[in-house]
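# Here is a sequence with its predicted model. Questions after.
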Number of protein chains: 8
Amino acid sequence: MNSEDILKLLEGVAARKLSPEAALDRLKHLPFEDIGFAKVDHHRALRQGYAEVIFGKGKTPAQVAEIVRAMLRKKGSRHNILITRADKKIFSAVNRISRAASFHPLSGVIGIERSEEMTGKGTILIVSAGTSDIPVAEEALLTARLMGNRVEHLYDVGVAGIHRLLEHRLRLTEARVIICIAGMEGALPSVVGGLVGVPVIAVPTSTGYGASFGGVAALLGMLNSCASNVTVVNIDNGFGAACVASCINRL
Amino acid sequence: MNSEDILKLLEGVAARKLSPEAALDRLKHLPFEDIGFAKVDHHRALRQGYAEVIFGKGKTPAQVAEIVRAMLRKKGSRHNILITRADKKIFSAVNRISRAASFHPLSGVIGIERSEEMTGKGTILIVSAGTSDIPVAEEALLTARLMGNRVEHLYDVGVAGIHRLLEHRLRLTEARVIICIAGMEGALPSVVGGLVGVPVIAVPTSTGYGASFGGVAALLGMLNSCASNVTVVNIDNGFGAACVASCINRL
Amino acid sequence: MNSEDILKLLEGVAARKLSPEAALDRLKHLPFEDIGFAKVDHHRALRQGYAEVIFGKGKTPAQVAEIVRAMLRKKGSRHNILITRADKKIFSAVNRISRAASFHPLSGVIGIERSEEMTGKGTILIVSAGTSDIPVAEEALLTARLMGNRVEHLYDVGVAGIHRLLEHRLRLTEARVIICIAGMEGALPSVVGGLVGVPVIAVPTSTGYGASFGGVAALLGMLNSCASNVTVVNIDNGFGAACVASCINRL
Amino acid sequence: MNSEDILKLLEGVAARKLSPEAALDRLKHLPFEDIGFAKVDHHRALRQGYAEVIFGKGKTPAQVAEIVRAMLRKKGSRHNILITRADKKIFSAVNRISRAASFHPLSGVIGIERSEEMTGKGTILIVSAGTSDIPVAEEALLTARLMGNRVEHLYDVGVAGIHRLLEHRLRLTEARVIICIAGMEGALPSVVGGLVGVPVIAVPTSTGYGASFGGVAALLGMLNSCASNVTVVNIDNGFGAACVASCINRL
Amino acid sequence: MNSEDILKLLEGVAARKLSPEAALDRLKHLPFEDIGFAKVDHHRALRQGYAEVIFGKGKTPAQVAEIVRAMLRKKGSRHNILITRADKKIFSAVNRISRAASFHPLSGVIGIERSEEMTGKGTILIVSAGTSDIPVAEEALLTARLMGNRVEHLYDVGVAGIHRLLEHRLRLTEARVIICIAGMEGALPSVVGGLVGVPVIAVPTSTGYGASFGGVAALLGMLNSCASNVTVVNIDNGFGAACVASCINRL
Amino acid sequence: MNSEDILKLLEGVAARKLSPEAALDRLKHLPFEDIGFAKVDHHRALRQGYAEVIFGKGKTPAQVAEIVRAMLRKKGSRHNILITRADKKIFSAVNRISRAASFHPLSGVIGIERSEEMTGKGTILIVSAGTSDIPVAEEALLTARLMGNRVEHLYDVGVAGIHRLLEHRLRLTEARVIICIAGMEGALPSVVGGLVGVPVIAVPTSTGYGASFGGVAALLGMLNSCASNVTVVNIDNGFGAACVASCINRL
Amino acid sequence: MNSEDILKLLEGVAARKLSPEAALDRLKHLPFEDIGFAKVDHHRALRQGYAEVIFGKGKTPAQVAEIVRAMLRKKGSRHNILITRADKKIFSAVNRISRAASFHPLSGVIGIERSEEMTGKGTILIVSAGTSDIPVAEEALLTARLMGNRVEHLYDVGVAGIHRLLEHRLRLTEARVIICIAGMEGALPSVVGGLVGVPVIAVPTSTGYGASFGGVAALLGMLNSCASNVTVVNIDNGFGAACVASCINRL
Amino acid sequence: MNSEDILKLLEGVAARKLSPEAALDRLKHLPFEDIGFAKVDHHRALRQGYAEVIFGKGKTPAQVAEIVRAMLRKKGSRHNILITRADKKIFSAVNRISRAASFHPLSGVIGIERSEEMTGKGTILIVSAGTSDIPVAEEALLTARLMGNRVEHLYDVGVAGIHRLLEHRLRLTEARVIICIAGMEGALPSVVGGLVGVPVIAVPTSTGYGASFGGVAALLGMLNSCASNVTVVNIDNGFGAACVASCINRL
């Protein structure tokens, strides 16, 4: 039941085909989404950042392909399609549906680009500390790009070689939002946060060993950041960081 | 620019092709501390969000008063002054320096408002779950306000009475940034995040008892939020959330 | 806006005082609770289990007294009033409002009994392990009683003296719901659960020291119970256990 | 020694073949189960909820098949047989014993239905948040069904899309007991608990990654639920939740 | 119902005043403790190690004094009386009841010695690492002594000055049971365990700071001891260690 | 350098071939083991409990076989040989060296029995809760047996079916030392400890799932046991429990 | 028994007053410290770094004063005396013994300087992040100084304002050992470690709140430092860091 | 030096009082990246300890081989090349590039020795507790050796057989730096630290099971060491310990 249905119902009342009491009764069971329809749209737009998103892990290649096919069939929609945490087998299945699909094995991202519209106002810069953080960085990068943002990256600028980061401080200050990805001690967002005036989304990674506890050391470091423009998402959640960054970049 | 470039530049000076002043100017964009001066400003602006900030805890009333006096003396500065985690004694000392100071005992915030300029573009909405989350909410609210933002609040809208939140969904959708504060299970940001298309800064609070572990339950809940526009700051960090929100709201 | 208001609105449409379009518009902003009114009632009934409940901790004596006064004024309501986590000062303030208030210092519960109606169908039995678990047991007992249940208790029947528990197995089997409260190793619910066929609500307590970690040892023990009729609430949450038990006992 | 043995002994006393003292002496060593026989039955009934249950994990296919064969041979018993945490190999072995066995690979449950008697009084509703929670939900669903309950389910109603849950609020209010299954932030039980007046058994799942810590985030969220009709079982323990729900539903 | 009652019942059967069937019926509800009486005794003997024990913490001075008075009145009992986790106020109250009471403020132990019988076969040696471990060591020492054991002690022999321990290796090898008390890294039991052939009861203490986590570091160290004659009790549980040691020493 | 060497040195002094000063100098560097030789023996006896022990895990089959060969060659030694945490491949290699070797695949123990001497004075009883605890129980059983103890066992007597344990209380009271093995909530040692007057060595097992955290729940339960004759060893450490029990049983 | 005693014994052998066998027998029981005397000295020198050290916490003012008096009486010793974790009361007591004592209330250190000898070869630089880290920094500074080292400090150079640290990089490179003190995210040692070629001793502090968990976040950050010249000591252990630094600086 | 100084310097160049080259030289000690170049070198020297280091894990054999080829091509460099966390496949690829490469499968280290220069002043002694700690010990040993240090080792000297360690105390006192590697309770560094006057770098290992929590028990033990010359690196970080030790040994 949607707005039109309610209108018809009200017109029925106006036309005396329906008593006010009967109308009340039917309104009482009126499905929520009708009133809240805008919310649903907002919600979808938010979650998918002007892209259709499928979380690949735990789905069979056939299931993913089926969802993609449905998305491609939807009329009027030209949104990019993004599949995260996918693998080769999923890609084979998807590729049979759409030749436009491209697979990024490092991050497990599959993208089907249908629109090149830039909906983000500025540049999102992805900064990462070590080479082992790159898969998460790439997930963030591809997500942000398919969601309609200009994205740049700055890799391998860990804090123990601070000069490498400082060399690029101009690029840091040119970004509108920064995603900062680091494992181990997770110190990079504090340093980056101190160098810029824009929001920094920190992503702890599960790289490291021993007392890194699968990313907990980095996570705690980031939550305790002494730079006050830093917020944090879950360990290895490059996708989530890109969603938030994209959502900020559209403001 | 490397050593050779600098040498050329110096040879230009020696050859009088370049004035020492012009050379200095170009050099200023080289050495860190020179160029970095603007960054210092940026940095300061960021940390203080167009407000001067003093972390009161661990400082004596005399020390805080002294810092306030220095800030008030600074010529040309009309920034608001914000003292967080303060108490009555600190307020007495500060009040002797500035009659304009006002104390908010619930959150321990002291504010000295000197400017009413609104630098934030939209409204920051503070949403909190329970009455015991209000001190943290108030810290966020006052911080955001003194940093030049229009701020509204929506208190006591916990998820176990979801209708109270839904009644206000219009106000939710009107905000440009949302700060969402909750203790216990920390579920509020997920629900709020699903209802809006703007960034949600989640603040776990240390309220609760037993297995809330001083805010850890709420923190983990927020980090694992199934809404993709949610990022997280440290437990009870209302100040930090307001800094980030303010920084986003100025974009 | 409630059902009557909607009815009026619909009558307005029927009477052609309001166009269907205008009615739709007003319906779209219709406050949620109107549709969901039953839910609100359910919710309230649930949370308060036919009792009005105030969480005393973090409220001033004056605030609590004010809430009590408002509850007593509500016409037609004869619900019992329950104040948890209260202290002497709160009691003094409440006692001035209602001479019927009684204070239980061990558990910090204040009760104002206005109705003796038994809404629970059977008996709720509170079983606890050690003397230091009694405050939590008492909170559960008084909550369950004020919510309209027959309540019995069996204290000091820890598992290291299993014969003390077994002596009372008849009473165990006569209960309709059992609340089982234990600190230290939290083993009591497993043994009790194995002796009865009814649901056992386990409450870990924060008693103990060292590796009891403020109730975590008991909590984990209960979550891993090998008896399959055991569920668990938060550490020291005697109130919550009584709410659930009461809610089961009314089925 | 059982009731008959005791009777013989007492008859011996009555017949003066045995002195009261000698009888006392023999009674003192009387095995517990004779006296406690009713308890054993209760216990069994409870654990198996009118179903025979085998925990498949850690047993060889041959062992499981042997136990099933013994169950099927027991005279007079028409209980359903439930094997949890099983796999294909176990199913092959069991299927050779009983063609009535059916295997549910998602949850690893094998069921042999021999009775369709409904011993539960109302409906148990299984509500789950995400698609990855479905295996645990299915374990709960099949367990509850084989234990003689009407069971319904409501899948994929996570809190970040609250409208999907609210659409189904009628079904929520029609249930007598609700099992609520969620991973990640584990917020669903709080929202569901706030919408109904019946007991909600919360099951955290180990889905998620990073700071979900294998279900700990969800577990803590549920233990700290602000809805007071929520109790919690162990992570991924769909079977246990169904046992408790079934036990409540027979009250 | 006790042995005499059962005897009477059996005599009733013998006298044909009671049919065997009626007797069976009454026996079926026979309280457990009658049959299990020996167990109660064993249990008590065990818990109190031939001493009467009162856990002082959480009891009022009046309550403790009352229990002591009852113990002193019991005829025929000459057991020592031990009150652990007591304070000055409790001692004042107890001292009024019994002039024989002595208070050890370091450990909070009150002892009333009524018997000097040595029931332990050998010597229990208490070894502790640092001066801050002495309160726990003293609790163990006084407990073991009042339970009828010869007790010796060796204090301040931490592993970072291994020569101090080795000087005393003769005394180590002369003990029948060793209680080994240490905070910080908890390494002492491993070294002591490697030097002797008797059981070593390790007690972690909550001394230390930072990453000692209130005794957790010591506890984990002891649980992972590479000496295979080491077992562990709870943090700061000097009393428990002495109970076990005493129980071994009576074998 | 051993006793004979020191004697020679002293004879050299007596014979004036060596000055006292020179002798002092050489004595100062005298290796520790000469003085401490008895300790070495004690140590070895302790660790191996009159059995030679090899920890199989992390060693190649060839390495284990080599060590076994060396042990078998040692003259005068008739100690049993025990290999823990072994597998089939190790057994094949060992079996080629000694046909007397027997392999117990459940626990991964290989035993070579060369002596049937009983050095323990009483019976060690192994009590375990669930079927999944049996591998650890078997490791304890075989270790204790090869170390020269009479060993009995009582399996599958979990606390949720307390009657099964109580049926066997005579066997419990006949043991001189009890090893009590349990996973999940780890409650068994408390119940057993309350039924007997002898030491109970508790072994937590890593069985269970979810909030059992690989045995941590059981470990904490056991450390917080309310029975005072319970001590604890590491998770899954059946071998260690048997060492301690054996060491107690020889007292 | 000391070297002289052994010499006498050997002279007795040389003089044939004692048989070699009898001498051997007495030597066998020779106390360890005689042989190991050098170790004792080394040990003491190490622990106290050419200073006498008293850990004040947990000692009464009288006890501390007594130890100081004994130290001052020791002939020939001119070592500095250091009392850590002291307070005003301890200082009053010590000051009565030695007018040379000086008290540093921030860090709770009392120093009695008797020697100005510099035994360290280079400069130890203390670098700290925030103002709340200064008490720990001061403990390190005073300890290092009283142990005979040139010490400099660089306070308030947190990583979120990296330019403040970089301004002082010359001083960083001039140090022989660096002690780096930080709370919150503990990132400073990584940055400092990357700027220098000397060892960096990292000290996490317990400053911060929420997810800093009393210094755990900083501790984990430091243990996972990506700079390979960083080692870590316990939380708040400024004394320990200074001991190690001093020990390195004397190499 | 500030802007004015630079201006003066530039005016000096303009006035031909200073050659461009001399000005460049002075400027080199100003701007970060110019001056910092030496730091980069220092940094590199530090990280690699006069060796080129590649972290093998997470790189393909081809990638590692490519990096090695580049290193070998660098003119003038005769540094040793060290590849850590490598495997057989990486070795095959590297060996094709350089026949001088040698592989140590226990520790996964590949070394290419090009220089035998000893840059360390004394001996680094590697002490380890159990046989399962040897892989980490070997990583430390090979790293230290390739970084130009004399390295010795002392394996299998766990604290439960303290005599084995004490036998070698001469070797302990001859080292300039000690790396002490232990799993389980991590007690070895405390004992070793107490026996020597030089810095001890403690490395916890992840060996052990159950409550060793992958090295956490050992890590906590070492952080709480009662010997004050002990610092700690991450779990299993033999490489890092060798870097620090090497860095100290060059002082």
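Alright, I've got the coordinates. Numbering: from 1, shown residues only, chains lettered A, B, ... in the order given.

# neighbours around A:A65, how many?
By the measure other Cβ atoms under 10 Å in any protein chain shown, the count of residues near A:A65 is 22. From N, CA and C alone the C-beta is placed, and that goes for glycine too.

# Helix, strand, or coil at A:L106?
With DSSP: H, G, I helix; E, B strand; the rest coil as the basis, A:L106 sits in coil.

# Which pLDDT value belongs to it?
pLDDT for A:L106: 90.

# Not counting its neighbours along the chain, what's nearest it?
A:P135 (4.9 Å; Cβ to Cβ, 6 or more residues apart in numbering or on different chains).

# can you give me the mean pLDDT across the helix or strand hosting that neighbour?
Using DSSP states H and E, A:P135 falls within helix A:134-146. For helix A:134-146, the mean pLDDT works out to 95.

# Just name whatever secondary elements that helix is in contact with.
strand A:80-84, strand A:109-112, strand A:123-128, strand A:150-154, strand A:177-182, helix A:238-249 (3 or more Cβ pairs under 8 Å, 6 or more residues apart in numbering or on different chains; DSSP states H and E).

# follow-up on the earlier one: distance-wise, check the residue nearest to A:L106 relative to H:N149.
According to Cβ to Cβ, to the nearest Å, A:P135 and H:N149 sit 36 Å apart.

# The two: who's more crowded?
H:N149 (25 against 22).

# Could you pull up phi and psi at A:G56?
phi -70, psi -30 (degrees, to the nearest 10).

# and what of A:F213?
phi 50, psi 50.

# Skipping its backbone neighbours, what lies nearest it in space?
G:L220 (7.2 Å).

# The one you found: how many residues sit nearby?
Residues lying near G:L220 (other Cβ under 10 Å) number 29.

# and it, what is it in contact with?
A:E185, A:A211, A:S212, A:F213, A:V216, A:A217, A:L220, A:G221, G:G186 (Cβ atoms under 8 Å, 6 or more residues apart in numbering or on different chains).

# any idea which element it lies in?
Element membership for G:L220, per DSSP H and E: helix G:216-223.

# go on, A:E52?
Judged by DSSP H and E, A:E52 forms part of strand A:51-55.

# and the angle for the helix or strand following that strand with strand A:80-84?
The helix or strand immediately downstream of strand A:51-55 is helix A:61-73, counting by DSSP H and E. On the basis of axes from the mean of the first three to the mean of the last three Cα atoms, to 10 degrees, helix A:61-73 is oriented at 160 degrees to strand A:80-84.

# In terms of secondary structure, what does helix A:61-73 contact?
Judged by 3+ Cβ pairs under 8 Å, 6+ apart, helix A:61-73 is in contact with strand A:51-55, strand A:80-84, helix A:88-97.

# CSV please, covering those and showing mean pLDDT, mean neighbour count and distance to chain E.
Shown next, in CSV, are the helices and strands packed on helix A:61-73 (pLDDT from 0 to 100; neighbours: other Cβ atoms under 10 Å in any protein chain shown; distance: least, Cβ to the nearest Cβ, whole Å):
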stretch, mean pLDDT, mean neighbour count, distance to chain E
strand A:51-55, 83, 21, 37
strand A:80-84, 93, 24, 37
helix A:88-97, 96, 18, 42
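
# And the lowest mean pLDDT element among the helices and strands of chain A?
One helix or strand of chain A scores below all others by mean pLDDT, DSSP states H and E: helix A:32-35, with a mean of 33.

# Show me what from the stretch 151-251 of chain A comes close to chain B.
A:166, A:169, A:173, A:176-177, A:193-199, A:201, A:219, A:223-224, A:227-235, A:239-241, A:243-244, A:247-248, A:251 (Cβ under 8 Å from any Cβ of the partner chain).

# Could you identify the buried members of these?
Among those, those that count as buried by neighbour count (16 or more other Cβ atoms under 10 Å in any protein chain shown) are A:166, A:169, A:173, A:176-177, A:193-199, A:201, A:219, A:223-224, A:227-235, A:239-241, A:243-244, A:247-248, A:251.

# Pull the number of nearby residues for A:R250.
Neighbours around A:R250, by other Cβ under 10 Å: 19.

# Having no further points to raise, I will conclude here.
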